[in-house]
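**Q** okay, here's the prediction I keep looking at, along with the sequence it came from:
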Amino acid sequence: MPQFYDLPLSFDSLSESSKELLCRVPDYPLDYNLFIFKGIHKVRPQMKADLCEFRVQAAENTPRGDNADKAVHLGILKPADKDADANDYELELTTTSKLQDRLMKILILERHRRDIAMLNRVLEQENKSITPIALTDPLVYKIKSPLFATLWSQHYDNHEQSFKKFAILQNLEYEFERDLSENPEVNDVTDDDSLIRLFCDSKDVMEFDIKDQIDQDLLDKQVLDDSKIVQIMIPLAAQAILMGVSF
């Protein structure tokens with residue numbers, strides 16, 4: 001049975017409560033998280049060999065036997081040719097990466113809604129309007145937000161190494177992290193609604209006030225490096241590395 005993040009996605013498929021939550025997300029946290037998520041998504045294919053090597057090295061240092069549940073899930077499909085280059089391997093995304101990609105698509109749908117609303121406000125003066133067309137593939141949508149466009153065009157290069165770092169961290173998960181549990185007491189994310197609630201649960205996101213940044217450039221490095229509004233998902237296995245805990 002496919003997981004919810006593998007199913008087709010549309011704005012209309014979201015619950016009304018989820019739509020209301022997304023509507024309350026301020027523009028800056030919305031666009032900045034889209035900038036980060038899309039950056040990580042872009043660098044992954046460029047790093048396939050590094051991601052494969054990292055998984056293999058991590059797996060070699062994980063416990064076995066009684067602690068097999070903490071073994072790192074490899075998710076590497078090797079080609080029939082034993083001499084094939086690592087770039088030829090198929091790399092299965094971690095559950096965390098799949099969830100973040102799903103969240104990214106949801107945020108793109110919300111951004112699309114706002115872009116259409118913004119264009120209609122401009123066209124209203126000419127007694128014109130745009131009827132939105134449902135996005136069949138959110139990833140191909142070109143975001144119209146000036147803030148996102150500025151982030152992507154002027155700050156991508158400066159943050160590319162950070163994108164790669166997070167791609168590495170999201171690349172590692174324990175065996176028990178691989179499959180989502182349908183029991184909400186075990187896993188906080190079981191569907192799109194719970195994924196949206198998780199994102200919107202941050203006060204730093206929902207209560208972000210652009211007026212608080214009035215005395216400094218919103219796009220300077222200090223603000224861009226402020227992680228309080230960034231909702232990057234990190235697997236438990238990678239968190240262990242960040243905290244210096246051995247496998």
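**A** Thanks, I have the structure now. Quantities reported herein were computed from a predicted structural model and do not represent experimental measurements. Residues are numbered from 1 along each chain as shown.

**Q** which non-adjacent residue is nearest the spatially most central residue of the chain?
**A** Centroid-nearest residue in the chain: Gln100, 3.1 Å away (criterion: CA atoms, centre = their mean). Using CB to CB, 6 or more residues apart in numbering and skipping residues adjacent in sequence, the residue nearest Gln100 is Met233, 4.8 Å away. To be clear about C-beta, it is placed using only N, CA and C from the backbone, and glycine gets the same treatment.

**Q** please identify which helix or strand holds Lys142.
**A** When elements are assigned from DSSP states H and E, Lys142 belongs to no helix and no strand.

**Q** go on, the one 5 residues further on?
**A** Leu147 is part of helix 146-169 when elements are defined by DSSP H and E.

**Q** what's the mean pLDDT across that helix?
**A** The average of the pLDDT scores along helix 146-169 is 93.

**Q** which parts of stretch 112-131 are buried?
**A** 112-116 (16 or more other CB atoms under 10 Å).

**Q** what is the end-to-end distance of stretch 127-136?
**A** Stretch 127-136 has an end-to-end distance of 28 Å (criterion: CA to CA, to the nearest Å).

**Q** quick one: contacts of it?
**A** With CB atoms under 8 Å, 6 or more residues apart in numbering as the test, stretch 127-136 has contacts from 10-12, 108-109, 112-113, 116, 119-120, 123, 141.

**Q** where along the protein do the strands fall?
**A** Counting by DSSP state E, one finds strands in the chain at the ranges 76-77, 90-91.

**Q** by contact count, what packs against the last one?
**A** Pointing back at strand 90-91 there. On a contact count with 3 or more CB pairs under 8 Å, 6 or more residues apart in numbering; DSSP states H and E, strand 90-91 meets helix 48-60, strand 76-77.

**Q** what pLDDT is listed against the closest residue to Tyr5 other than its chain neighbours?
**A** Nearest residue to Tyr5 in three dimensions, chain neighbours excluded: Arg102, at 4.1 Å (CB to CB, 6+ apart). Per-residue confidence at Arg102 stands at 98 (pLDDT).
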